[in-house]
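A.B. asks: how would this look folded up:
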Amino acid sequence: MSAKLVNALGLKVGDELEFKKTVIRKGHVTEMYVGEEPSKMEILADVRNLRSEITHNFTFDRDEANSR
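C.D. replies: Residues are numbered from 1 along each chain as shown. Predicted coordinates for the structure are as follows:
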């Protein structure tokens, strides 16, 4: 990456980027879409948001779960 691009993005040594999409026209890259890699804490927060509450009358039935 050029120094101009690095400065424009405000990148520092050790920053990680995820290349989301690259557009190639006539054999040359014309556009790049990048995003920052999420931190471990951001990933953990996303997983926690996926949790759903278990109803108070829920009972786990091992036999039913394994009956596939």
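
A.B. asks: The lowest-mean-pLDDT helix or strand in the chain - contacts with which helices or strands?
C.D. replies: Counting by mean pLDDT, DSSP states H and E, the weakest-scoring helix or strand in the chain turns out to be strand 28-36, with a mean of 78. Strand 28-36 sits against strand 17-25, with contacts defined as 3 or more Cβ pairs under 8 Å, 6 or more residues apart in numbering; DSSP states H and E. Using the backbone N, CA and C atoms, a C-beta is placed for each residue, glycine as well.

A.B. asks: Just the buried positions in the strand it packs on, please.
C.D. replies: Using 16 or more other Cβ atoms under 10 Å as the burial criterion, none of the residues of strand 17-25 qualify.

A.B. asks: Any chance you could list what contacts stretch 36-44?
C.D. replies: Contact with stretch 36-44 is made by 15-18, 46, as judged by Cβ atoms under 8 Å, 6 or more residues apart in numbering.

A.B. asks: circling back: dump the following helix or strand past the least confident helix or strand of the chain to PDB, restricted to CA.
C.D. replies: Going down the chain from strand 28-36, the next helix or strand is helix 40-50, by DSSP states H and E. The C-alpha trace of helix 40-50 is given here as PDB (Å, rounded to 0.1, in the frame of the first residue of the first chain):
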ATOM      1  CA  LYS A  40     -11.900 -10.200  20.100                       C
ATOM      2  CA  MET A  41     -14.100  -8.200  22.400                       C
ATOM      3  CA  GLU A  42     -16.300  -7.100  19.500                       C
ATOM      4  CA  ILE A  43     -16.700 -10.600  18.300                       C
ATOM      5  CA  LEU A  44     -17.500 -11.800  21.800                       C
ATOM      6  CA  ALA A  45     -20.100  -9.000  22.200                       C
ATOM      7  CA  ASP A  46     -21.700 -10.100  18.800                       C
ATOM      8  CA  VAL A  47     -21.900 -13.700  20.100                       C
ATOM      9  CA  ARG A  48     -23.500 -12.600  23.300                       C
ATOM     10  CA  ASN A  49     -26.100 -10.700  21.400                       C
ATOM     11  CA  LEU A  50     -27.100 -13.900  19.600                       C
END
